[in-house]
Every structure is written in structure tokens, then in C-alpha cells.
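In: Take this sequence and fold it.
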Amino acid sequence: MNPDKKIIVGELLDRVNASTYVMVIDYVGMTVPEFTELRDRLHEVDSECHVAKNNMMRRALVDAELPDIAEHLTGQTAFLTGESDFAAAAKVVKNFQKEFKRPEIRVAILESDVLDSDQVKAIADLPSREVLLGMLLGTINAPATKLLRTVKEPGASLARVIQAKFNPEG
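Out: This next block holds a predicted model:
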């Protein structure tokens, strides 16, 4: 392999190894300002968008021992990577697609699982991590809150009876 290509594959491998996911998108028909806007939005959720030759990315994925997605690496493809929230990156791409009618999500590798376009879009539809954590906390706190109300109620009932007995006017 050409030494220059080895350097590029090495850089791609470093990005893939540092990332918890790789999403492949088809950016055919996107203008430079649209692509720049997509990159800016992805940057806000700690995700990066890179364009690389399909063969070089294929080699980096093989070297990283990730699942084979070679059938999806054709034409004009860009690769999204990130160390944090996959759902946030998927949401950015899905919302951008609604707004500009492109790019198309082809496939993603999350950890070591291959996700098709529909699965990525389903993850994008999930509430944010903060909302999910809030829902989980509410679910965890619900039994304790009910228990507290149950324990407190006899005393509160007694207080209402005493107040009604000694203060019949109010």
C-alpha cells in the first residue's frame, strides 16, 4: 500500500477506535453550504463528519475488527464518528434530512452492532438522554413518594379531625 494511503487509513483507524459509533451517510446532491451546516450541527453534539475514500474506510473498519459493511460503502459517502451520544448525532442527521431532503442514512455501527437506516431513525426518535434519565428517576421515586404519602396520611387525617372539632367555623 502507498505510504500516503497508510497514513490516511491510520488516521481513519484512530478515529474509528476512539469512537463508540460509525454512521455512514450518502451525501449525493448536498451543496457545500449544506454540508458545512451539517458539520456545524454535528459538532454541537460532539460528533464529526468526515469524507474519505470508501476503500480506505473499509480497510480501517477491518483493521478495527468491526463488522463488515462493505456493501454500504459505495458512491459518495461520509462517515460520522463520536465519543458520546449516538442518539444525538442520529437526531441531528434525521432532522437535517427533514429540512434539506438529504443526506440519506445508509448504515451505522454502534459498539459492534450493525444498525440499518430504520433502526438509526428509531433511535433518533427517542427522547434525549436527560429526558430518559428524568423519566427513570421519576419511576424510581414513585414508590417512595407513595409510601411517604401513605405514612403521612393518618397523621394528616387526625390533624384535620382535631381542627374541625376545636375550630368548627373554619
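In: Please parse this protein into its domains.
Out: According to automatic domain parsing, the chain comprises the domains 3-126, 127-170.
In: tell me, which of those is the model least confident about?
Out: Note on those: domain 127-170 shows the lowest mean pLDDT, a mean of 74.
In: so V51 touches A78, yeah?
Out: Yes - between V51 and A78 there is a contact at 5.0 Å, judged by CB atoms under 8 Å. Any C-beta I mention is one placed from the backbone N, CA and C, and that applies to glycine too.
In: anything in contact with each of those two?
Out: Y27 (CB atoms under 8 Å, 6 or more residues apart in numbering).
In: Around H72, how many other residues sit close by?
Out: Using other CB atoms under 10 Å, H72 has 18 neighbouring residues.
In: which parts of the helix or strand containing R58 are buried?
Out: Using DSSP states H and E, R58 sits within helix 54-63. Across helix 54-63, burial judged by 16 or more other CB atoms under 10 Å covers N54, M56, M57, R58, R59, A60, L61.
In: quick check, nearest of those residues to V16?
Out: Distance to V16 across the buried residues of helix 54-63 (CB to CB) is lowest for A60, with 5.4 Å.
In: Good, wrapping up.
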